[in-house]
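Chemist: Got a predicted structure here, sequence first:
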Amino acid sequence: MERATDQTITALGELDTPTVFNALVVKNGLPNEEYTDQSIRCLLPEFGTYVGYAMTAEITTNDPDSPAIPWDEYYEYLEAAPGPLVAVMRDVDSRPGRGASFGDGMAALHQRLGVVGAVIDGTIRDLDGIRQVGLPIHAWGRVPGHGIFNLTRFNEPVTVGQLRIQPGDLVLADGDGCVRIEVEEAEEIVRIAHEIRDKEAKIHASYADPNYTRRK
């Protein structure tokens, strides 16, 4: 898995998703849909921003006839990967979201294995327990239960919130949602984002000037 420098990871974590999206547009142009849609909600905004390498999986929450890969294989996949990691999961059940895809026990184990945040295209439960663990999480929302809980695929591309993510992509997440950054572009995206932030700061300062006018 290709990696960015620690300095680049730290710098990304100090930015917000709209600014990084703007930097992606400056570099790659429009249309650009490297961001999740409104279904992916930040459920623990008090934990702020997180960034890491995408570790992907698909699960079913209720279908008893779905394929089932041993969960140990997935956890070994996490344990073997250098962090920081972001768990990216999609509920591919025939009734996605009917049962929870993630809870406080999974949060504790994921965090132990180097995961700094989770993006779930589905629902979660035990939010208070996840808060106690201290793991930031994005998902559709909450339900109290789950059913047959099968891991069907991992370490393959997944789509969450209409965003296609490849294993090993960088994911930045905050209160606005999540953006995808290709590792090889990350350093340049940080540079462009800082330029955008400096430019926007000057614009907002001009708006705050009591002598501001639209007249030339």
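Modeler: All right, it came through fine. Residues are numbered from 1 along each chain as shown.

Chemist: hey, let's count contacts and neighbours off CA atoms from now on
Modeler: Fine.

Chemist: Which stretches in the chain count as helices?
Modeler: Using DSSP state H, the helices assigned to the chain run over residues 6-13, 17-28, 71-80, 104-112, 127-133, 186-208.

Chemist: And these: which comes nearest Thr152?
Modeler: helix 71-80 (9.5 Å; CA to CA).

Chemist: picking that back up, compare the helices of the chain and report which one is nearest to Phe154.
Modeler: helix 71-80 (6.8 Å).

Chemist: how about low-confidence regions in this structure?
Modeler: Where the chain drops to pLDDT under 70, the residues are 202-209, 212, 215-216.

Chemist: 90 instead, please
Modeler: Along the chain, the parts satisfying pLDDT under 90 run over 1-2, 30-31, 146-148, 197-216.

Chemist: Quick one: neighbours of the nearest residue to Val115 once chain neighbours are set aside, just the number.
Modeler: Once flanking residues are discounted, Val115 sits nearest to Leu85: 4.4 Å by CA to CA, 6 or more residues apart in numbering. Counted with other CA atoms under 10 Å, the neighbours of Leu85 add up to 25.

Chemist: ditto for the one 3 residues further on
Modeler: By other CA under 10 Å, the residues close to Val88 number 27.

Chemist: Quickly note the distance from the residue nearest to Val115 to Val119.
Modeler: To Val119, Leu85 is 11 Å away according to CA to CA, to the nearest Å.

Chemist: Then Glu33?
Modeler: The gap separating Glu33 from Val119 is 17 Å, by CA to CA.

Chemist: And these two? Which one has more around it.
Modeler: Ranked by neighbour count (other CA under 10 Å), Glu33 and Val119 place Val119 first, with 28 against 15.

Chemist: who's in contact with that one?
Modeler: If you count contacts by CA atoms under 8 Å, 6 or more residues apart in numbering, Val119 has them with Ile40, Val86, Ala87, Val88, Met89, Ile137, His138, Ala139, Val160.
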